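**Student:** sequence and predicted structure, then a few things I'm wondering about:
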Amino acid sequence: MRNFYIKANRAFTSVRKYAWIFTLTVAFGGLWYPRLGLLVFGVIFSLTAISLFKGRYWCGNYCAHGSLFDQILLPFSRNREIPKFLKSTFTQVAVLTWFMYNLTSRFIRVAGLWGELQFLDRLGFVFVMSYLMVTLAGGTLGLIFAPRSWCQFCPMGTMQVLMYKLGKLLGWTKKHDRLITIEAIEKCHKCGKCARVCPMQLVPYTEFKDQAQFAHEACIRCVTCVEHCPAKILSLKTYAEAKAAAKKVDLAGYTDRRKIRAKITEMADLAPDTREFTMKFVEPAKVSYHPGQYFLVKIQNTPEAFRAYSISGLGGETSVRMTVKWLRDGYGTGIIFDTFAVGTEVTLEGPMGHELVIDPSAKKVVLVAGGIGITPFVPILQDLAAKGVETTLVYGANTENDFIYDAVLSNLASESPRINYIRVAAKPGAGFTGQTGLVTDALRGLKLQGVKVYMCGPKGMVNASTKLLKELGVPAEAIFAESA
């Protein structure tokens with residue numbers, strides 16, 4: 001069974017990387033020096049004050065136990081779905097009640113020592129034992145289920161939610177609370193990545209509400225979803241910031257997005273791990289789209305999730321071709337390769353995207369592809385060849401066996417004098433007739449004056465090529481890219 005949840009980096013500040021040291025210092029060092037537990041007073045005061053304005057912000061950015069769970073425990077955790085009963089209101093109320101009763105009873109016993117030398121030691125020890133209990137219980141649950149299992153019913157977390165509700169009533173949150181915000185719902189890939197990496201196992205992409213903000217009270221504002229969003233359309237903003245940003249969003253390439261019912265009519269294996277699918281539109285029967293755009297392909301219903309794939313072949317307005325590369329740890333590609341077959345009905349959304357839609361005024365175009373990033377350039381090159389636009393395609397791969405659509409591209413180049421096709425292999429065999437090295441090596445030998453450059457491929461290739469192109473004098477506004 002595929003695991004929906006991903007072990008992704010969650011520590012983006014020094015506090016979140018190393019705050020776990022505080023937890024172990026208090027929980028274990030406090031057994032020998034109990035007064036360390038008195039430091040917890042500052043923690044309780046701080047998280048309570050912050051929660052009046054920002055909800056559970058403390059949990060995702062300063063909590064020492066959270067740092068322990070995310071930084072130390074995550075690599076060893078099963079990282080499975082957290083049981084619903086641990087998230088229930090009953091469990092949260094029951095644990096908070098037990099915690100308050102237990103803490104109060106201990107305070108009463110310690111109060112009898114007021115004025116004695118051991119008073120501070122005994123008072124601190126109350127918090128030491130509390131920290132130790134959370135470390136052991138939370139750690140055990142974290143290993144069995146997911147690192148932040150304890151956080152679902154943590155008494156301090158529940159108390160923060162209650163203070164957050166009070167802050168809302170007092171009007172203190174609207175100005176200061178920064179929520180996960182989506183640039184535009186129209187641009188969301190519905191890939192589920194934000195849910196798959198969320199430490200609290202929330203599902204942001206299905207719940208964006210007012211001003212396209214995620215207002216779930218359990219959200220800890222850790223920005224893990226922001227950092228890992230493939231479309232880079234998430235951020236942390238206040239209500240006012242989100243409202244202002246919404247007025248500046250460019251929706252070019254996304255206004256025609258719609259839900260489409262389609263049927264797979266053809267499948268072809270281009271390589272052992274690469275498969276091309278031809279899909280005929282059923283409802284609506286005709287869909288207008290452009291080379292360089294992409295469609296979302298639905299892979300599951302609960303939670304609803306899609307994968308974005310570039311158009312690799314045109315079929316007028318009645319069908320479309322898309323190419324999928326199987327990934328060893330790929331959640332979506334595994335489902336597609338295992339369950340999609342000729343005759344399968346699929347749900348699409350689109351067309352979407354404008355980054356790779358060629359500017360019709362462009363006189364000279366350079367296309368840069370890496371690996372599976374070649375797929376959008378097949379119909380693009382066909383279109384440019386038909387229009388007689390001077391075009392250079394630089395296609396990089398690891399070995400000569402990794403080039404797909406090579407025959408199609410070679411034929412286009414041989415039939416079109418204005419098309420220059422350059423193959424670059426990092427580790428070629430003895431019979432390879434192209435260039436050796438990286439795409440950046442090939443770019444250095446091109447005349448780049450007055451060109452518009454379009455790139456698709458691995459993030460590292462795109463970043464390195466972008467840097468080089470700027471060094472070679474290509475203006476930033478003439479460079480367009482999309483990661484494969």
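**Tutor:** The structure has been received and is ready for your questions.

**Student:** helix or strand for the closest residue to residue 253 other than its chain neighbours, which one?
**Tutor:** Nearest residue to residue 253 in three dimensions, chain neighbours excluded: residue 354, at 2.9 Å (C-beta to C-beta, 6 or more residues apart in numbering). For the C-beta atoms, the positions are set from N, CA and C on the backbone; glycine is no exception. When secondary structure is defined by DSSP states H and E, residue 354 falls outside every helix and strand.

**Student:** do residue 282 as well
**Tutor:** strand 274-283.

**Student:** tell me how far that strand lies from the chain's centre.
**Tutor:** In terms of C-alpha atoms, centre = their mean, to the nearest Å, the gap separating the centre of strand 274-283 from the centre of its chain is 26 Å.

**Student:** isn't residue 246 up against residue 211?
**Tutor:** Yes: applying C-beta atoms under 8 Å as the test, residue 246 and residue 211 come out as touching, 6.5 Å apart.

**Student:** neighbour-wise, which of the two wins?
**Tutor:** Ranked by neighbour count (other C-beta atoms under 10 Å), residue 246 and residue 211 place residue 211 first, with 19 against 15.

**Student:** is the more buried one in a helix, a strand, or coil?
**Tutor:** Each residue gets one of three states, and residue 211 gets helix by DSSP: H, G, I helix; E, B strand; the rest coil.

**Student:** could you do the one 5 residues further on as well?
**Tutor:** Classification of residue 216 into helix, strand or coil gives coil, according to three-state DSSP.

**Student:** apart from its chain neighbours, what residue comes closest to it?
**Tutor:** Across the structure, with C-beta to C-beta, 6+ apart as the measure, the residue nearest residue 216 apart from its sequence neighbours is residue 202 (5.5 Å).

**Student:** so that neighbour makes contact with residue 215?
**Tutor:** No: counting by C-beta under 8 Å, residue 202 stays clear of residue 215, with 11.0 Å between them.

**Student:** ok, these two, which is more surrounded?
**Tutor:** Comparing residue 202 with residue 215 by other C-beta under 10 Å, the one with more neighbours is residue 202, at 18 against 15.

**Student:** if I look at the residue nearest to residue 253, how far off is residue 454?
**Tutor:** Spatial separation of residue 354 from residue 454 under the definition C-beta to C-beta, to the nearest Å is 11 Å.

**Student:** what do the two both touch?
**Tutor:** Both residue 354 and residue 454 are contacted by residue 292, under the criterion C-beta atoms under 8 Å, 6 or more residues apart in numbering.

**Student:** these two - which one has more neighbours?
**Tutor:** For residue 354 versus residue 454, neighbours defined as other C-beta under 10 Å are more numerous around residue 454 (27 against 16).

**Student:** could you look up the SS state of the more buried one?
**Tutor:** Going by three-state DSSP: residue 454 is strand.

**Student:** give the contact list for it.
**Tutor:** Contact partners of residue 454, counting by C-beta under 8 Å, 6+ apart, are 292, 355, 356, 358, 365, 366, 367, 368, 377, 380, 480, 481.

**Student:** so what's it bridging to?
**Tutor:** With DSSP bridges as the criterion, residue 454 is bridged to residue 367, residue 480.

**Student:** what about the closest residue to residue 476 other than its chain neighbours, neighbour count?
**Tutor:** If the residues on either side of it in the chain are set aside, residue 476 comes closest to residue 470, at 6.5 Å by C-beta to C-beta, 6+ apart. The local packing of residue 470 (other C-beta under 10 Å) involves 13 other residues.

**Student:** is it correct that residue 470 falls within a helix?
**Tutor:** Yes: judged by three-state DSSP, residue 470 forms part of a helix.

**Student:** distance check, it against residue 458.
**Tutor:** Using C-beta to C-beta, residue 470 is found at 19 Å from residue 458.
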